[in-house]
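Student: One predicted model, sequence on top.
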Amino acid sequence: MDGTLTMDHSRMDMRDAFFSTLFDRARNDANILVVSNDFGAPSLDRFRAELPGQFINAGISEQNMVSLAAGLTMGGKTVVVYSIATFVTLRSCEQIKIDLCAMRLPVTILGVGTGYAYNADGPTHNAMEDMAVMRAMAHMTVLSPSDAEVAKVCAERLPLAKGGPVYLRCDRGTWPALGEAETLVEKGLVPRRAGTDLALVATGGMVHRALDVASRLESEGLSTCVIDLARVKPIPMDLMALLASVAAVATMEEHTTHGGLGGAVAEFMADHNLVKPLRRLAIDDDHLYAYGARPTLHVQRGLDAEGATTTLRSWINDRRKSTP
Amino acid sequence: MTRSDVSAPHSLPRVANHLRNQVLELCYRHGGHASTAFSCVEILVALYHGGILRVDPSAPEDLDRDRFLLSKGHGETILYAVLADLGFFPEDWLWTHYRSGDHRLGGHVDHQTPGIETTSGALGHGLGLACGLTLAARMDGQARRHVVLMGDAECSEGSVWEAALFAAQWGLGRLTAIVDRNHIGSLDHTRNYLALEPFAAKWEAFGWEVVPVDGHDLTALDKALSPRGEAEGKPRLVLAETVKGKGCRMMENDPIWHVRPVTDDVIAQCREDLTWTGP
């Protein structure tokens, strides 16, 4: 591997898998609606063309888009609110808190383009805070598919939670199918490989990078398991046994260090008296004006396979040296 | 659906006076925004006691009911008083559960209270919510109406105008928005910080039918709020000219009363002002 995220273009983008499955359902269920802020997708074109009454372009008005979705849901509709991840989560933050969470409405918030997915488009488009903000919302479920099959299962099972909204954060690009998609959606996590020295926890597209890193560490004699933690909130209790069986824990995410996956895992470990070394690989506050291709940005932030492997190898070795 | 025995047109002013007194006593005992409630008393009496809204206290979740959304959620006391008076919940809740006891009635309205559709208090949400409800009803061929009450200062929120654009674009004719035009926000007269005029012209330019009305005239409100019979078309904006603090002379048109509590030193004067003098 060369430090770039491995994408298999023969497979479908998560968003496209979601929408194509949703289209199949919506053809037979007029209550399924997609609300967008003037944002489309090739996989939505057919939906818009053949089911025009079920696609609502709310215009570039994210606050109203979410209130509108709440009202439609109160009126008995099954609604997906769709936009670029950072716009749909941050621009309409209070509407999500009050109209969706406080009223416990099962709206699906579909955000695409997590982390540096928009490459050089800068701080306005890249989403580094979405997990932290959505995780803080009462009754919110946060789901992060790791491949298109998982996104497809999410569309099949809409609405994914009955007692509140679900934030479905989809990475851009295509990814090799990892299998067990239904289990991942049902249980919230799937161990992707076994190991005892280190548990590497990742979510979304970054799971594929974690597998690459684990493979490299394994070849150097570090037994590393990888946990695909799709459900970042609420964290599945099954995580406890998995983390209890390893010597150390690391998290990998394309998100700010504050309040994302690493924060969630740290809180989980503290709350359940899992006292063991934890290292969080994430993005620091210096991310805002980082322009460039995503693989380059990953290298700069140590989230490429080689950089992450080096960091974790050094961390483990340093700990071993300092531990009598 | 049902109207209480006191809802005959000639008795509506007396109902309004009774409810205004209840708001005063609630605010005196437990706090709340008395002046903002006073400006919309007649609007709510026209809607509920006047029979504009088809709602039934014995079936508050009836799918066919009209929907009323109090977007200015800090006017909770008058809505609580109205709903208790009509029997949506026991009247003693007003005295035992508003900001007291186990707090079934919060300091802003929430959707868990019988008869209340949406949680409010953060401003600028109601119109968008109502757009969604109205559109869902239209998709399902349901004839219910949707009425939103906003404050005029609330219309500084950009989300109000996002929703206004949407409602006009989609021709949501079964949507009526009322603006309680009392000319005062939390701190000051609206003209002194974000002037809204020409207010009616703004709504008209956004594609709404604007119906100006004296917001304390129950007969005029009944006419302005009555269904028109057409299913679709323009959404309607009832621009209700009101007096913030209406009924208590010291509160009327004085911004400080948005937040000032009703205390021992003023309660006697307020009660005297609200003493019923009609037939």
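Tutor: Cool, the structure landed. Numbering: from 1, shown residues only, chains lettered A, B, ... in the order given.
Student: Let's see stretch A:127-137 as CSV, backbone CA atoms only.
Tutor: Once non-C-alpha atoms are left out, stretch A:127-137 reads as follows in CSV (Å, rounded to 0.1, in the frame of the first residue of the first chain):
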residue,chain,number,x,y,z
ALA,A,127,-16.2,17.9,7.8
MET,A,128,-14.0,17.6,10.9
GLU,A,129,-16.6,18.3,13.6
ASP,A,130,-19.7,16.4,12.5
MET,A,131,-19.3,13.4,14.9
ALA,A,132,-18.6,15.6,17.9
VAL,A,133,-21.6,17.8,17.3
MET,A,134,-24.0,15.0,16.4
ARG,A,135,-22.8,12.8,19.3
ALA,A,136,-23.7,15.6,21.7
MET,A,137,-27.3,15.6,20.7
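Student: hmm, it touching chain B?
Tutor: No - using CB under 8 Å from any CB of the partner chain, we find that stretch A:127-137 stays clear of chain B, coming within 13.8 Å at best. Backbone N, C-alpha and C define where each C-beta goes, glycine included.
Student: Which secondary structure element of chain B has the lowest mean pLDDT?
Tutor: Within chain B, confidence by mean pLDDT, DSSP states H and E is lowest for helix B:92-97 among all helices and strands, at a mean of 92.
Student: Could you verify my assumption that A:Leu33 touches A:Leu72?
Tutor: Yes - between A:Leu33 and A:Leu72 there is a contact under CB atoms under 8 Å: 6.1 Å.
Student: can I assume A:Gln63 sits in a helix?
Tutor: Yes - the assignment for A:Gln63 by DSSP: H, G, I helix; E, B strand; the rest coil puts it in a helix.
Student: and for A:Leu33 and A:Leu72, which residues touch both?
Tutor: A:Ile56, A:Val79 (CB atoms under 8 Å, 6 or more residues apart in numbering or on different chains).
Student: returning to that earlier point: mind listing residues that contact the least confident helix or strand of chain B?
Tutor: Identification of contacts with helix B:92-97 by CB under 8 Å, 6+ apart yields B:Gln22, B:Leu26, B:Arg29, B:Tyr80, B:Ala81, B:Ala84, B:His103, B:Arg104, B:Leu105.
Student: how about the closest residue to chain B within the stretch 201-324 of chain A, phi and psi?
Tutor: Nearest to chain B, among the residues of the stretch 201-324 of chain A, is A:Lys233, at 21.2 Å (CB to the nearest CB). Dihedral angles of A:Lys233 (phi, psi; degrees, to the nearest 10) stand at phi -150, psi 130.
Student: which residue sits closest to it, ignoring its sequence neighbours?
Tutor: For A:Lys233, ignoring the flanking residues on the chain, the nearest one in space by CB to CB, 6 or more residues apart in numbering or on different chains is A:Val142 at 4.2 Å.
Student: So the one you found: helix, strand or coil?
Tutor: strand.
Student: Surely it touches A:Arg231?
Tutor: Yes - shown here, A:Val142 and A:Arg231 form a contact pair, counting by CB under 8 Å, at 7.0 Å.
Student: of these two, who's got more company?
Tutor: More crowded of A:Val142 and A:Arg231, by other CB atoms under 10 Å in any protein chain shown: A:Val142, with 28 against 22.
Student: hey, C-alpha coordinates of stretch A:185-201 in CSV?
Tutor: Only the C-alpha atoms of stretch A:185-201 are listed here, as CSV (Å, rounded to 0.1, in the frame of the first residue of the first chain):
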residue,chain,number,x,y,z
VAL,A,185,-26.0,-2.2,11.2
GLU,A,186,-27.6,-4.4,13.8
LYS,A,187,-24.9,-4.6,16.4
GLY,A,188,-23.0,-1.4,15.6
LEU,A,189,-19.6,-3.0,15.3
VAL,A,190,-17.8,-5.9,13.7
PRO,A,191,-14.3,-7.0,14.5
ARG,A,192,-12.5,-7.1,11.2
ARG,A,193,-9.4,-9.0,12.3
ALA,A,194,-8.2,-10.5,15.5
GLY,A,195,-5.2,-9.5,17.7
THR,A,196,-4.0,-9.2,21.3
ASP,A,197,-1.4,-6.5,21.5
LEU,A,198,-3.4,-3.6,20.1
ALA,A,199,-7.0,-2.9,19.2
LEU,A,200,-7.3,-0.4,16.4
VAL,A,201,-10.8,1.1,16.4
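Student: Any buried residues in it, and which?
Tutor: For stretch A:185-201, burial by neighbour count (16 or more other CB atoms under 10 Å in any protein chain shown) applies to A:185, A:188-193, A:195, A:197-201.
Student: Where does the closest residue to chain A within chain B fall, secondary structure wise?
Tutor: Taking CB to the nearest CB as the measure, chain B has B:Gly132 as its residue closest to chain A, at 2.0 Å. Using DSSP states H and E, B:Gly132 maps to helix B:126-139.
Student: Name the next helix or strand following that helix along the chain.
Tutor: Using DSSP H and E, the first helix or strand after helix B:126-139 is strand B:146-151.
Student: quick one, helices of chain A?
Tutor: Here chain A has its helices, by DSSP state H, at A:14-26, A:42-50, A:62-74, A:85-86, A:93-95, A:130-135, A:148-156, A:181-187, A:206-219, A:238-244, A:261-271, A:294-300, A:305-322.
Student: just those helices: most buried one?
Tutor: The highest mean neighbour count among those, using mean count of other CB atoms under 10 Å in any protein chain shown, belongs to helix A:62-74: a mean of 30.
Student: does that one come close to chain B?
Tutor: Yes - using CB under 8 Å from any CB, we find that helix A:62-74 touches chain B at A:Gln63, A:Asn64, A:Val66, A:Ser67, A:Leu68, A:Ala69, A:Ala70, A:Gly71, A:Leu72, A:Thr73, A:Met74.
Student: Among these, which one sits closest to A:Ala247?
Tutor: Nearest to A:Ala247 among the residues of helix A:62-74 next to chain B, counting by CB to CB, is A:Val66 at 43.8 Å.
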